[in-house]
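Q: Any chance you can model this:
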Amino acid sequence: MKIMYKYYYVYILTNINNTVLYTGVTNDLKRRVYEHKKKLIEGFTKKYNINKLVYYEYGEDILQVIQREKQIKKGSRQKKIDLINSFNKEWKDLYDDI
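A: This next block holds a predicted model:
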C-alpha cells in the first residue's frame, strides 16, 4: 500500500522587474501559481502583475507552514531577497520546474 503525503507550500512571487514581493501559502503550488499567472485571483497579485514564482518551500504540517509564512512576511525586504538568492540566484520563474 502506497502512503500519500499531503504537502503544504509557502511561496514567494514577484513581478517581471522583481520589484514587488508577495508571500503566500497553498496546498497545491502548481494550481495556485497558475491562478496568479492567469489573474484568476482578485487583489494584490492581480493589481501589481505578480506572477513569477521565485521561491518555495514545503512541509507536511500546515500549522508549521503557516508559521513559516508569517515569519517570512514579518522579515525585512532584504531578508526575503536573501532567501530568494539562496534558493534561486537568477530569480528565474520556477513554475515550469514544479
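Q: ok, what's across the strand from the closest residue to E57 other than its chain neighbours?
A: Sequence neighbours aside, V10 is the residue nearest to E57 in space, at 5.7 Å (criterion: Cβ to Cβ, 6 or more residues apart in numbering). Placement of C-beta: from N, CA and C, glycine included. For V10, the beta-bridge partners are V25, E57 (DSSP bridges).
Q: Which parts of the chain are strands?
A: For the chain, the strands defined by DSSP state E occupy 8-14, 21-26, 52-59.
Q: circling back to that earlier point, can you give me the distance of the residue nearest to E57 to I16?
A: 22 Å (Cβ to Cβ, to the nearest Å).
Q: more neighbours, these two?
A: A direct count of neighbours by other Cβ atoms under 10 Å for V10 and I16 places V10 higher, at 24 against 11.
Q: was I right about that one contacting R68?
A: Yes: with contact defined as Cβ atoms under 8 Å, V10 counts as touching R68 (5.1 Å).
Q: Can you check which residues contact both of those two?
A: Common neighbours of V10 and R68, counting by Cβ atoms under 8 Å, 6 or more residues apart in numbering, are E57.
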